[in-house]
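# Sequence and predicted structure, then a few things I'm wondering about:
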Amino acid sequence: MDMNWITIGDISDIPLRGARCVRTPQGKIAVFRTAENEVFAIEDHCPHKGGPLSQGIVHGTAVTCPLHNWVISLETGKALGADEGAVRTIPVRNDGGALFIALESLMIAAE
Amino acid sequence: MAQSTSEKLVIIGNGMAPGRMLEELFEKAPGRYEVTIFNAEPRVNYDRIMLSPVLSGEKEYADIVIHDDAWYAANGVTLHKGAKVAQIDRTACTVTSENGITASYDKLVIATGSSPFIIPVPGHQLPGVLAYRDLDDVEKMLTGSRGGGRAIVIGAGLLGLEAAYGLKRQGMEVTVIHLMPTIMERQLDPAAAYLLEKALTERGIEIVTKANTKRILGETKVEGIELEDGRIIEGSMVVMAVGIRPASGLAKEAGIAVNRGIVVDDGMMTSDAAVYALGECAEHRGTCYGLVAPLYESARVLADRLAGGDAEYHGSVTNTKLKVTGINLFSAGDFADGEGREEIVLRDATAGVYKRLVLRENRIIGAVLYGETSDGSWFFDLMKRGADITAMRETLIFGQAYQGGSPLDPTAAVAALPDDAEICGCNGVCKGKIVATITGKGLTSLDEVRAHTKASASCGSCTGLVEQVMSLTLGEAYNPAAVQPMCNCTELGHDDVRRLIKAKGLKTIPAVMQELEWKTSCGCAKCRPALNYYLVCDWPDEYADDYQSRFINERVHANIQKDGTYSVVPRMWGGVTNSGELRAIADVVDKFEIPMVKVTGGQRIDLLGIEKEDLPAVWADLGKAGFVSGQAYAKGLRTVKTCVGSDWCRFGTQDSTGLGIRIEKFMWGSWTPAKLKMAVSGCPRNCAEATCKDIGVICVDSGFEIHFAGAAGLDIKGTEVLGLVRTEDEALEHIVALTQMYREQARYLERIYKWAKRVGLEEIRRQIMDDAGRRKAFFDRFVFSQKFAQVDPWSERVSGKDKHEFRPMATVGFSQAAE
Ligand code: SRM
Ligand SMILES: Cc1cc2nc3c(=O)[nH]c(=O)nc-3n(C[C@H](O)[C@H](O)[C@H](O)COP(=O)(O)OP(=O)(O)OC[C@H]3O[C@@H](n4cnc5c(N)ncnc54)[C@H](O)[C@@H]3O)c2cc1C
Ligand code: SF4
Ligand code: FES
């Protein structure tokens, strides 16, 4: 599928062990930065009841949803532990600090 | 011409990478090229990584020269020293230096290295602002250090810390300013960074993290710097070590493909087949390397290519060591944790050792070692080879020396200890004494052993060992008290953690995790908020609140709702309001189209359904009307409900409204283990429902009856009476002291009634009602901590704090869509 790399800002815009969100025509995307400077992007929409994952506590490469404490893997988008469900992960590129996310070009054209 | 058969090889830059490349080339294809080198630096090739020992005085320039003049002569190399190339002409195949030397090439190697990045803050051009890249920089630093005074190093990465150490050795005072919360964050995880920071601090280097430089001060030379937060640090030298940029400008001007660095293929060739790039200026498969080992690997490939071979470079795995005498630190690979990855952590708090291996599919993919790094190269080798470590999984972390032997059983290790081996370092108790006391006195519990031997009775870090001695001595009969660990990151319960934080003077989350031997590197959503509270409570003046360890509500100072919007509850002191306040609320509701306004069960008004991005603007308007945050989201003081009391009510005995407001104004902003709700009723009819609150007051003719430990949520329970006091002042003092006792002793998320049940009502009455000295001390500690806590979080954010929190990072796609 065609990927469009879209610039979203610099890694320093996101606090360590924190997240920011990016608005897209298809909804919000949460972009996370772990304690160890890794960057991940997933849909900002918990598989449980749609909680905004960007508002959760980040630990390791997981985030705990602020609404009912599901723990979601940032790498796979899957709920960890006993819970079942997944959110879409979005490819991120970190180019010496400059961050890009890949949106399917379809998605932009569709709007 | 004698040399007309040989091809002409021109090299721009005479650093470590081309130096190594030439050595290989001369070996592989002697005489094939006539080599000309242009070097901007007026000297031969030296070992740049040894500049730090030169700065610290541990070595001299002569010790670090790699190729002396004789080497160039022997290999027939023409070296133009102090000749910076200004232009490459790819049509004519020539390069020309600033000082007018032109040379033509058949093959060209660009090896211009990197340039240090200078932050363009005001004052960055003042004399005394230095970079750290070459020998000239070192000489300037050495000259500057002779005047003494303070050096300010900006950037706590490898270079910055080595510069700081060197300057300290040269007798300067040194302060390192770092933007991030932990130092060397690219190479170290927070645990190792904590140990390093501690070791450097012990060496007299002051480290200021989370600090952003605003400007450099001084008229004609550096006099200090000013940070974003207004702090001023005086100093006579500023060293900027905030990063490097590949020096790719020359190539770019010549029309060669440049991304961040000069783009090369697996044969180190640029977009021009006659031109190669090597060293820090090159970008291979998207990576620019800043360490010599990978550069040397690619140098070997380039030498082979120039000699007619077809070697390929496939990128490198790198590792870092810090060259500060007495500090052992090693990091390699990818040490972030994550799913599908496992980590093995070994912490030895006494020896200051931290080791962490990150595994994926039974292979090492990353390693951080601090304190004990002798196995670094072994781990690195296993990692580069992608060796399957399944067979040695259990003992891997103990290093190479342990492999081959039988797996370690901790009890066996304790059994093997001699009787005179010291178990408890604080109290000097050896194994023989513990065993003898257990058998002699028939002890069966840890507390008894603590009481009789003093082992593990101080700092507690030997508790695990003592327990092993007990199970060794008592066998099956020993049944360790089931302490509920805080979470899966530790074996310790909340009480032990709280005690050890105080006993060991631990003042940061990484410090707690290291010293208490946490099993994970960065904790989890359970322990981090708890530790953050304990540290806020214990070190109100020194601890820097860890924002990312707070639940979202406490981070944005509003309550998250099921749809991701927020609710805002301003303080309405004692439940009293007036027309001005109500008008301001009404205006805010209209202006921001707030969908729901509700009177809460806590006697105030809740504005529900506000978009996160609107929060600062809503607070700004509320703030103008005098409102502060009601902290309806906080594990902290919530409401103090009141009834109308003696001012209006025909039964009122005291001014319950006034006392409620006074308490709320005195105590707002304080953080507590769980939420804290209070109420003051003017008479025993109790219209403010004071007898089901965490702390309540029932006013009576003779004074104030203080109640506590009620519950009306998940559990329902009437309050207990703490005691009767005569005056409002006394009531306040007792309530505050009780709160402080609760703050210092309870476990995170434990409401007062649960805590009281655990420690005993009598004990609480004794400390608060009967022991005036204790009460006063609790009171004073609360008052002290309020100095730091009583800051309105809303107005702070209206004036810009945590701005990023309230704005999306980017908005993408919409404009494209519109087109
Ligand atoms: C707004 C309010 C209901 C109302 O519309 O009146 C309310 C709303 C919430 N309460 Fe409450 N409680 C409110 C008064 C109470 C009261 C009555 C009181 O304070 O007099 C109680 C019983 C007393 C008590 O605290 O135990 C109460 C017992 C709870 C509990 C149970 C606590 C417990 O330990 O048993 C929770 C859950 C918790 O904290 O874990 C809770 C949690 C909540 C939360 C924070 C749920 C959540 O985590 O999101 C609700 C937040 C909604 C919001 O965004 O505002 N709320 N809640 C009241 C706000 C009072 C205020 O002005 O600050
Ligand atoms: C203080 C310090 C400590 C370090 N410690 C370590 C360490 O412990 N471990 C590690 O692996 N690495 C370390 N490094 C990094 C390491 O030194 C570099 O990665 C390595 O030297 C890069 O080699 P290079 O040949 O690419 O560039 P350089 O060695 O930087 O050489 C580039 C040369 O090109 C010259 N030049 C630039 N432009 C031109 C031009 N237009 N014309 C002519 N000449 C030009 C420059 O003057 C310079 O002499 C350290 C670096 C420094 C500064
Ligand atoms: S009782 Fe409290 S927690 Fe439950 S729904 Fe009502 S406001 Fe929410
Ligand atoms: S919505 Fe995320 S846990 Fe319920």
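It's in. Numbering: from 1, shown residues only, chains lettered A, B, ... in the order given. Ligands and ions are numbered 1, 2, ... in the order given.
# Any idea how many residues pack against the residue in the stretch 651-800 of chain B positioned nearest to ligand 4?
Nearest to ligand 4, among the residues of the stretch 651-800 of chain B, is residue B:749, at 18.2 Å (Cβ to the nearest ligand atom). All C-beta spots, glycine's among them, are computed from the backbone N, C-alpha and C. Neighbours of residue B:749 under the rule other Cβ atoms under 10 Å in any protein chain shown: 15.
# Quick check: phi and psi on it?
phi 70, psi 10 (degrees, to the nearest 10).
# surely it meets residue B:674?
Yes. If you go by Cβ atoms under 8 Å, residue B:749 and residue B:674 touch, sitting 5.1 Å apart.
# shared neighbours of these two, anything?
Residues touching both residue B:749 and residue B:674 (Cβ atoms under 8 Å, 6 or more residues apart in numbering or on different chains): residue B:635.
# can you give me the strands in chain A?
Here chain A has its strands, by DSSP state E, at A:3-10, A:18-24, A:27-33, A:39-43, A:57-59, A:62-64, A:71-73, A:89-90, A:92-95, A:98-104.
# who are the neighbours in contact with the closest residue to residue B:80 other than its chain neighbours?
Once flanking residues are discounted, residue B:80 sits nearest to residue B:38: 5.0 Å by Cβ to Cβ, 6 or more residues apart in numbering or on different chains. Counting by Cβ under 8 Å, 6+ apart, residue B:38 makes contact with B:10-14, B:80, B:83-85, B:95, B:97, B:101, B:103.
# Export these as a markdown table, with columns for secondary structure and pLDDT.
Below are the contacts of residue B:38 laid out as a markdown table (DSSP: H, G, I helix; E, B strand; the rest coil; pLDDT from 0 to 100):
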| residue | secondary structure | pLDDT |
| --- | --- | --- |
| B:10 | strand | 98 |
| B:11 | strand | 98 |
| B:12 | strand | 98 |
| B:13 | coil | 97 |
| B:14 | coil | 96 |
| B:80 | strand | 97 |
| B:83 | coil | 96 |
| B:84 | coil | 96 |
| B:85 | strand | 97 |
| B:95 | strand | 97 |
| B:97 | strand | 96 |
| B:101 | coil | 96 |
| B:103 | strand | 97 |
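# from those, which is closest to chain A?
residue B:13 (21.0 Å; Cβ to the nearest Cβ).
# OK, contacts around the closest one?
Listed by Cβ under 8 Å, 6+ apart, the contact set of residue B:13 reads B:37-40, B:110-113, B:247, B:279, B:281.
# near ligand 2, from these?
Residues of the contacts of residue B:13 in contact with ligand 2 (Cβ under 6 Å from any ligand atom): B:38-40, B:111-113, B:247, B:279.
# For those residues, pick the one with the most neighbours.
If you count neighbours using other Cβ under 10 Å, the busiest of the ones next to ligand 2 among the contacts of residue B:13 is residue B:279, which has 34 neighbours.
# Run a quick check on it versus residue B:16, I expect a contact.
Yes. At 7.4 Å, residue B:279 and residue B:16 qualify as touching, with contact defined as Cβ under 8 Å.
# what do the two both touch?
Common contact partners of residue B:279 and residue B:16 (Cβ under 8 Å, 6+ apart): residue B:295.
# mind checking which helix or strand of the chain has the lowest mean pLDDT?
Picked chain A for this. One helix or strand of chain A scores below all others by mean pLDDT, DSSP states H and E: helix A:105-110, with a mean of 42.
# Quick check: phi and psi on the residue in chain A that ligand 2 sits nearest to?
Chain A approaches ligand 2 most closely through residue A:96 (15.8 Å), counting by Cβ to the nearest ligand atom. The phi and psi values for residue A:96, taken as degrees, to the nearest 10, are phi 60, psi 40.
# Can you tell me the closest non-neighbouring residue to it?
Nearest residue to residue A:96 in three dimensions, chain neighbours excluded: residue B:260, at 5.2 Å (Cβ to Cβ, 6+ apart).
# number of nearby residues for the one you found?
Burial measure for residue B:260: 16 neighbouring residues, criterion other Cβ under 10 Å.
# Report the spatially nearest residue to residue B:783, omitting neighbours in sequence.
Excluding the flanking residues, the one nearest residue B:783 by Cβ to Cβ, 6+ apart is residue B:736, at 7.6 Å.
# ok but that neighbour is inside a helix, no?
Yes. Under DSSP: H, G, I helix; E, B strand; the rest coil, residue B:736 sits within a helix.
# ok, back up a step: so how do I select the buried members of the contacts of residue B:38 in ChimeraX?
Filtering those down to the buried ones (16 or more other Cβ atoms under 10 Å in any protein chain shown) takes a single ChimeraX command:
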select /B:10,11,12,13,14,80,83,84,85,95,97,103
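# which other residues reach stretch A:78-85?
The contact list for stretch A:78-85, computed with Cβ under 8 Å, 6+ apart, reads A:47-48, A:62, A:70-73, A:86, B:339.
# Pull out the buried residues from stretch B:184-199.
Neighbour counts over stretch B:184-199 (16+ other Cβ under 10 Å) mark B:184-185, B:187-199 as buried.
# Please determine how far the residue of the stretch 401-550 of chain B found nearest ligand 1 is located from residue B:545.
Proximity of the stretch 401-550 of chain B to ligand 1 (Cβ to the nearest ligand atom) peaks at residue B:529, 13.0 Å away. Distance, residue B:529 to residue B:545, using Cβ to Cβ, to the nearest Å: 11 Å.
# Repeat that for residue B:272.
Distance of residue B:272 to residue B:545, given as Cβ to Cβ: 54 Å.
# Comparing the two, which residue is more hemmed in?
Neighbour totals were compared for residue B:272 and residue B:545, and residue B:272 leads with 17 against 14 (other Cβ under 10 Å).
# nearest residue to residue B:811 other than its sequence neighbours?
Leaving aside its sequence neighbours, residue B:811 sits nearest to residue A:23 (Cβ to Cβ, 6+ apart; 4.3 Å).
# For the residue in chain A that ligand 1 sits nearest to, grab the count of nearby residues.
Nearest residue of chain A to ligand 1, counting by Cβ to the nearest ligand atom: residue A:67, 8.5 Å away. Neighbour count of residue A:67, defined by other Cβ under 10 Å: 21.
# Isn't it up against residue B:561?
No. Residue A:67 sits out of contact with residue B:561 when judged by Cβ under 8 Å, with a separation of 9.0 Å.
# secondary structure element for the spatially most central residue of chain B?
Closest residue to the average C-alpha location of chain B: residue B:182 at 3.6 Å, with Cα atoms, centre = their mean. Using DSSP states H and E, residue B:182 maps to neither a helix nor a strand.
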